[in-house]
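>>> Task: produce atomic coordinates for the following.
(chains A and B)
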Amino acid sequence: GDSVTQMEGPVTLSEEAFLTINCTYTATGYPSLFWYVQYPGEGLQLLLKATKADDKGSNKGFEATYRKETTSFHLEKGSVQVSDSAVYFCALRGLTGGGNKLTFGTGTQLKVEL
Amino acid sequence: GAGVSQSPSNKVTEKGKDVELRCDPISGHTALYWYRQSLGQGLEFLIYFQGNSAPDKSGLPSDRFSAERTGGSVSTLTIQRTQQEDSAVYLCASSLNSITEAFFGQGTRLTVV
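Predicted coordinates for the structure are as follows:
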């Protein structure tokens, strides 16, 4: 079945550092890919998405590129801020076989310090 | 409504009691999901409704768990004879259709004592 693997946290960075959170997936067909963010004490929010190979999703300075050849959707940001501290979840929406449900990774906690 | 609404926001129940959790999806959204998030854990899929199709119940952890969606809108997740391991945040999400992104509610924090 569909699965998502993302790097374990917590990831601790200094403000203005470069961020990469790795995400790889296994799915039948051509899934849509998503990054969700959960700020402390809040619900999950969609951060960005990509629906086909080579698409780049971007939002709030974060980017992720749908790489079918490496089945990856790594999240990047050039300069993180303290306010980016949150848990980040990679997810996929299978279009075949997986029945269209959203499958999530285990989440990566990001801590940004001054 | 403007977003996915879940009630109650917090629920404390005694072991062995039944509980019902409610989800009001975004108006017009045909897909509805339930997930469970235990402390420090990821999201565990429970059940998925899409339009009038039979729901995908493959994530329900035991026959104590059930869910229904009436009239293609409001959904209720029922947990019978609650156990302490059922303590978690139960999240509901909806999406416009089967391929678009999902929007999440704030969740119901269930504590079984």
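>>> CA only for contacts and neighbour counts going forward, please
OK.
>>> who in chain B is up against chain A?
B:33, B:41-45, B:48, B:56, B:98-99, B:101-107 (CA under 8 Å from any CA of the partner chain).
>>> so who does whichever residue of chain B sits closest to chain A touch?
Closest to chain A within chain B is residue B:42: 4.2 Å, counting by CA to the nearest CA. Residues near residue B:42 by CA atoms under 8 Å, 6 or more residues apart in numbering or on different chains: A:104, A:105, A:106, A:107.
>>> Sitting in helices, which of these do you find?
When DSSP state H defines the helices, the subset of these inside them is empty.
>>> From those residues, which land in strands?
residue A:104 (DSSP state E).
>>> tell me which of the contacts of residue B:42 is nearest to residue A:18?
Residue A:18 lies nearest to residue A:107 out of the contacts of residue B:42, by CA to CA, at 18.7 Å.
>>> just to revisit the earlier point, now do the residue of chain B closest to chain A against residue B:22, distance only.
21 Å (CA to CA, to the nearest Å).
>>> Ok, residue A:75 next?
In terms of CA to CA, residue A:75 sits 33 Å off from residue B:22.
>>> tell me the centre residue of chain B?
residue B:34 (3.4 Å; CA atoms, centre = their mean).
>>> quick one: that one and residue B:92 touch, right?
Yes. Between residue B:34 and residue B:92 there is a contact at 4.6 Å, judged by CA atoms under 8 Å.
>>> Now do the strands in chain A.
Using DSSP E, strands in chain A cover A:3-6, A:11-14, A:19-21, A:23-26, A:32-38, A:44-50, A:56-59, A:62-65, A:75-77, A:86-93, A:102-104, A:108-113.
>>> so which of the ones you listed is the most packed in?
Of all the strands of chain A, strand A:86-93 carries the top mean neighbour count, a mean of 26, counting by mean count of other CA atoms under 10 Å in any protein chain shown.
>>> mean confidence score for it?
Strand A:86-93 carries an average pLDDT of 94.
>>> Give me the contact status of it with chain B.
Yes. Judged by CA under 8 Å from any CA, strand A:86-93 and chain B are in contact via residue A:93.
>>> and what of stretch A:28-44?
Yes. Residues of stretch A:28-44 contacting chain B under CA under 8 Å from any CA: A:32, A:34, A:42, A:43, A:44.
>>> Quick check: of the residues you listed, which lies closest to residue A:53?
For the residues of stretch A:28-44 next to chain B, the nearest to residue A:53 is residue A:32 (9.1 Å; CA to CA).
>>> Next up, the contacts around that closest one.
A:49, A:50, A:51, A:52, A:92, A:93, A:94, A:95, B:99.
>>> returning to that earlier point: next, give me the two most distant ones among the residues of stretch A:28-44 next to chain B.
Maximum distance among the residues of stretch A:28-44 next to chain B (CA to CA): 24.3 Å, for A:32 and A:42.
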